[in-house]
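K.L.:
just to be clear, the model below is a prediction. Sequence and coordinates:
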Protein chains: 4
Amino acid sequence: MVITLKQNPPQDDVNRLHKEITDAGCRIHACIGDVYTVYGIEGDTSQLDVKTIKANKAVHDVVRIVAPYKLANRLFHPEDSVIDVDGIKVGGKEPVVVIGGPCSVESEEMVCSVAKKVKEAGGHMLRGGAYKPRTSPYAFQGMRTKGIMAMLEAKKQTNLPIVSELMSADKIEEFEDNVDLIQIGARNMQNFELLKEIGKRTTKPILLKRGLCNTIDEWIMSAEYIMANGNMNVILCERGIRTYETSTRNTLDLSVIPIVKERTHLPIIIDPSHATGDWKLVESASLAAVAAGADGLIIEVHENPDYAWSDGAQCLKPEKFHNVIEKARGIAKIVGRDIL
Amino acid sequence: MVITLKQNPPQDDVNRLHKEITDAGCRIHACIGDVYTVYGIEGDTSQLDVKTIKANKAVHDVVRIVAPYKLANRLFHPEDSVIDVDGIKVGGKEPVVVIGGPCSVESEEMVCSVAKKVKEAGGHMLRGGAYKPRTSPYAFQGMRTKGIMAMLEAKKQTNLPIVSELMSADKIEEFEDNVDLIQIGARNMQNFELLKEIGKRTTKPILLKRGLCNTIDEWIMSAEYIMANGNMNVILCERGIRTYETSTRNTLDLSVIPIVKERTHLPIIIDPSHATGDWKLVESASLAAVAAGADGLIIEVHENPDYAWSDGAQCLKPEKFHNVIEKARGIAKIVGRDIL
Amino acid sequence: MVITLKQNPPQDDVNRLHKEITDAGCRIHACIGDVYTVYGIEGDTSQLDVKTIKANKAVHDVVRIVAPYKLANRLFHPEDSVIDVDGIKVGGKEPVVVIGGPCSVESEEMVCSVAKKVKEAGGHMLRGGAYKPRTSPYAFQGMRTKGIMAMLEAKKQTNLPIVSELMSADKIEEFEDNVDLIQIGARNMQNFELLKEIGKRTTKPILLKRGLCNTIDEWIMSAEYIMANGNMNVILCERGIRTYETSTRNTLDLSVIPIVKERTHLPIIIDPSHATGDWKLVESASLAAVAAGADGLIIEVHENPDYAWSDGAQCLKPEKFHNVIEKARGIAKIVGRDIL
Amino acid sequence: MVITLKQNPPQDDVNRLHKEITDAGCRIHACIGDVYTVYGIEGDTSQLDVKTIKANKAVHDVVRIVAPYKLANRLFHPEDSVIDVDGIKVGGKEPVVVIGGPCSVESEEMVCSVAKKVKEAGGHMLRGGAYKPRTSPYAFQGMRTKGIMAMLEAKKQTNLPIVSELMSADKIEEFEDNVDLIQIGARNMQNFELLKEIGKRTTKPILLKRGLCNTIDEWIMSAEYIMANGNMNVILCERGIRTYETSTRNTLDLSVIPIVKERTHLPIIIDPSHATGDWKLVESASLAAVAAGADGLIIEVHENPDYAWSDGAQCLKPEKFHNVIEKARGIAKIVGRDIL
């Protein structure tokens, strides 16, 4: 952390600043110039709050040199984390994984049927929404517990691990018992009370989606919340950010892949379906993601997209999903990876 | 709702579309041109899902004419809603209200002292964070229940109604019993499970902040969630949106004031402190908000901003807060309002 | 400028860095810590390029302390600049000015008629587009020279100074001869060749609009371009920035007013018409701008907005324009200003 | 185009609307419902201005069905355009092209040396900035004519066609005579006067970069400007858009590739250097672009990036550039393309 002082700062405020820094166990190296003074701060600066320091009247500006996250930080944990999702390994040099399935679970029959198609097409896990975050209170809110049970049946028939979104802390036990990869949706990325609870109450792998307008560092800090509360099994998932462009549902930011891999040791997978919102754009985005180094893809698959209860416009049919996996397989090899 | 069909749409898909629309109790007026066909849909179209219809292969495009919210909609409720917060009326032609107080409650002594200053300065309610949404798990997370108790003591001494942020459904009873205006923060604006619960389990007034990157219509839909679940006492609060500009913490969007008042009957107040993130910008933003027609202001006030445990850089001292209220009073008169 | 070095930087790169800094006439104060080294750089750092320094392999990060603009900088020119537009003073403690007129000049008759209404309503200058930046090559591109001549006639009849947009350097003489306040539109804010030419070839006052997605500092740097080439008469104009919100044409960022006034000595006026794109929002935005401290307003006025050749949806009728001025007058007084 | 009327619209305004539409040679198909009336408009609606129609008091809303561009529109020109750049073909099923070279031409010696390395590495064209758009008037503005001459010498030695940015209409002849692919930079994407001039005065291929905050449709409309004025040889170039994320210089939007190819027949190439602003991210972005279907890449290459006069942080060294091309070659094959 580097702190620049104002010219002629009040001595009281300087003293208070010194105390605050040393109380946190950090050291100050002062560099006193003619016009301004710069402090280099060393030690565990994650204990120091940039905004509090900025509020000190003696301070002109504060810049972090070391990121404020520790458990997620590549610096303190140089090896890639590989997360085990019911036997399927995600991250590091492991093969790229492909997750497929419907936006919403619509019935047991439907999800079992899709699951078989996902498996035949080469998919490795089954996604399906049982609890649905819908913008409108009048829209279908998901089959809830029945949806989870339907996915369990699909797992029994296909052996595919299941991925589903958790929306509130009172369902953690239900997910802990039944779901293999627990998704935290974009809208809950900074629902800190929920992050704390899943850190404390489950060690099941967590798929943490990036918020619609959250920076990469805020996203990593949300992973840090889960980890600091006890659950180290976090997989990050980019699903597009909100920009002024309206031709796509969101703007997929693939530069997060090398950046996340530089800053953290966590795996990262890409959701091209929510990012683009248009099935015609999903293949292009999926191949780009694998070329950019993604550890996995999560793609919406539906047998009859135009009959889907939600997000039909962005679903692939199973054949198309199979084609995407086959092309992605070739690209994975070129970037030094494989697909299971 | 207006639906444009593709050229030569598959008859099956057209039939299915017709069924979907009529099943929802809506009527179709078809306008058949040489090149394309347009359907005007009438009836309660809030039951129809734009994305599902778009997924139909027969459909080129869908546009809503009537907004998908009903309870919050000015169209079906032409009079302004006036919300009573423990005796203080907010909205309609009522005087503009000013809420002041610290970002975080730091001790009972501190919050009681600020509360007196807020009252002396002309403020009408006391804000204070007891449960704090912090980006870092290592940052101060609030005094929690003790913070709420400290605010109650401050209320006892000053008679100011209290405003505080609720972060999880398991605290609803605590807030129902003790807090006069329950804030839902920007990060939880689309925490739909929480919105449903506060709709069902309390009728205390809710202060619903706009999410960092949510549209005005998404924000109104979140109000609709609360209302559709039984709590009609919603006040909206703009606190800045996230843009590319880094000179301010967020970009305050004051055009929401006339837009919200046209689309809904709900009161709207402005938070210039979080919007700007810089106390030097708060007066300018506060006066602009009142000139633009806001029903209230919520401003961070601290006796020693540079000692604040959070967000000190954006707090006003009590004297400055008083000055802002005095100038705002003059402006309120010019736009046909008053300040209590 | 503060430069943080990497750990164990290559000595060659360090030497080169030193040379680069001292060659530019700046001094280095080194602060050598256990983990990293920080350089405080003093002197005229506007000669140093942040990106070039960042490319040096020895460098971890670079932060500017002093802004890279000099002529526009409040630090080196503490008094407010007051710009004289054909006798009307803009900025400092001068009264707030109000500019009104049509988006496009449609005929001499039309612009003369509007001009009289603008004057009667209390406006101080006449705006009118003769050269029009239109997104489509098939849209009306303006009356060009005939439009400028029509405005001159309107000026003769009303004595209102005229404001019009310049789109290319080959028309500078035409504008120098005829226009009182030369507007550079948002789309040309970083047309650097044009900025240089208007700096060199005219001393007429320039109204520099902020680009749709330019930061405040980029905008001030564009003013610096004009000033560094010889024309000190720059007035800044905020007209809304592009965000994800689609309810308004752009998002009006009023926090620029106090920020521009802190960083520079230049006047700033606000364009609520282009910012909102909707006449129903113009009054609210105009009053907010004056309350926030604007030095002026530029508002589209048309006698028959729904017959306008461009941007009719955002035009005020003369009576409404008059009402806005009257309310703005009251607000100006409260913030210590006047309206002519 | 679909126009929705208001309830009980004034008959005068309806008549005017009819006249406006029929005067433009379009036909109206009216669909009269109980609550509102919808007009389907057929014919060449590019002559109709959405904003003008919206300003009509009878009108509730207007939506375009057919895009307002014609010459660039895939609908009216189904085959891919292949643009010939001094013998190298770009677009359609032609091999993916790779353009390399320095941000700024620094000397004849330097650019000739880089050109040889670009050629050896497998690049097909040489880029180099002679006229530089710099945010600061105090930064190096380019070698200008001398820079163009230096590139010509490099072309003589390597036979690589040259690409350089044109910033003002008075240099069109210089570029027409010497440059093979004339770049219009992001900041001039809506410098309409310049677009018209290059449409009229040259038929050399144009590389049209997307503006920092321009929508895909605005970008295509700028291509339409050039084409409508006579120059059909337009190649589009995505270089990242501005968002709230600060970890990268811009956010690279690769979904534009399939979208541009659906809406237009023009080739599209990607600039990963300006998009990311960081050489460490360039390989990942380049491979992603080719996987997504790009027709080419334009990459900054410098022999000593940390000595570069501009943008050194985002330059690749020649060896790294070679590696990127080799991996891209493999990916191109998988998506049905080749690299020369």
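P.N.:
Great, that's in hand.
K.L.:
just give the nearest non-adjacent residue to A:Ser255, would you?
P.N.:
Of all residues not flanking A:Ser255 in the chain, D:Thr248 sits nearest, at 4.9 Å (Cβ to Cβ, 6 or more residues apart in numbering or on different chains). In this view, the C-beta of every residue, glycine as well, is placed from N, C-alpha and C.
K.L.:
with A:Gly92 instead?
P.N.:
Per Cβ to Cβ, 6+ apart, closest to A:Gly92 is A:Asp80, 3.7 Å.
K.L.:
is the one you found part of a helix or strand, or is it coil?
P.N.:
coil (DSSP: H, G, I helix; E, B strand; the rest coil).
K.L.:
how much space between it and chain D?
P.N.:
Distance of A:Asp80 to chain D, given as Cβ to the nearest Cβ, to the nearest Å: 16 Å.
K.L.:
so which helix or strand takes in the residue of chain A found nearest chain C?
P.N.:
Distances between chain A and chain C by Cβ to the nearest Cβ are smallest at A:Cys31, namely 2.6 Å. Secondary structure from DSSP states H and E places A:Cys31 in strand A:27-32.
K.L.:
buried residues, that strand. List them.
P.N.:
A:28-29, A:31 (16 or more other Cβ atoms under 10 Å in any protein chain shown).
K.L.:
isn't the residue nearest to A:Gly92 up against A:Lys93?
P.N.:
Yes. Checked against Cβ atoms under 8 Å, the pair A:Asp80 and A:Lys93 is within contact range at 7.5 Å.
K.L.:
what's the burial count for the residue in the stretch 51-200 of chain A positioned nearest to chain D?
P.N.:
In the stretch 51-200 of chain A, the residue found nearest to chain D is A:Ala67; the distance is 11.0 Å by Cβ to the nearest Cβ. Residue neighbour count, defined by other Cβ atoms under 10 Å in any protein chain shown, stands at 18 for A:Ala67.
K.L.:
other SSEs contacting the strand holding A:Cys31?
P.N.:
helix A:11-23, strand A:37-42, strand C:27-32, strand C:37-42 (3 or more Cβ pairs under 8 Å, 6 or more residues apart in numbering or on different chains; DSSP states H and E).
K.L.:
Serialize the buried residues of strand A:27-32 to a markdown table and add fields for pLDDT.
P.N.:
What follows is those, written out as a markdown table (pLDDT from 0 to 100):
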| residue | pLDDT |
| --- | --- |
| A:Ile28 | 86 |
| A:His29 | 81 |
| A:Cys31 | 76 |
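K.L.:
if we take these, which one ends up nearest to A:Lys327?
P.N.:
Distance to A:Lys327 across the buried residues of strand A:27-32 (Cβ to Cβ) is lowest for A:His29, with 53.5 Å.
K.L.:
how many neighbours does the nearest residue to A:Asn233 once chain neighbours are set aside have?
P.N.:
The shortest distance from A:Asn233 to any non-neighbouring residue, by Cβ to Cβ, 6+ apart, is to A:Pro205 (4.2 Å). If you count neighbours by other Cβ under 10 Å, A:Pro205 ends up with 24.
K.L.:
what does A:Pro205 show for phi and psi?
P.N.:
phi -60, psi 140 (degrees, to the nearest 10).
K.L.:
show me the contacts for it.
P.N.:
A:83-85, A:90, A:180-182, A:233-235 (Cβ atoms under 8 Å, 6 or more residues apart in numbering or on different chains).
K.L.:
give me the nearest residue to the residue nearest the centre of chain A, chain neighbours excluded.
P.N.:
Note on chain A: the residue nearest the mean C-alpha position is A:Leu236, at 2.8 Å, using Cα atoms, centre = their mean. Counting by Cβ to Cβ, 6+ apart, A:Leu236 lies nearest to A:Ile268, which is 4.5 Å off, once chain neighbours are set aside.
K.L.:
against C:Val59, how distant is the residue lying closest to A:Pro272 once chain neighbours are set aside?
P.N.:
Distances taken as Cβ to Cβ, 6+ apart place A:Ala285 nearest to A:Pro272, at 3.6 Å, with adjacent residues excluded. To C:Val59, A:Ala285 is 35 Å away according to Cβ to Cβ, to the nearest Å.
K.L.:
sorry, back to before: out of A:Asp80 and A:Lys93, which sits in the more crowded spot?
P.N.:
Between A:Asp80 and A:Lys93, counted using other Cβ under 10 Å, A:Asp80 has the larger neighbour count: 16 against 11.
K.L.:
now do the strands in chain A.
P.N.:
A:2-5, A:27-32, A:37-42, A:59-63, A:83-85, A:88-90, A:97-101, A:125-127, A:162-165, A:181-184, A:206-209, A:234-238, A:268-270, A:296-300 (DSSP state E).
K.L.:
for D:His124, find the nearest of those strands.
P.N.:
Taking those one by one with Cβ to Cβ, strand A:268-270 is closest: 30.1 Å.
K.L.:
tell me the residues of chain A that contact chain D?
P.N.:
A:213, A:215-217, A:241, A:243-248, A:251-259, A:262, A:275-276, A:280-281, A:284-285, A:287-293, A:327, A:330-331, A:334-335 (Cβ under 8 Å from any Cβ of the partner chain).
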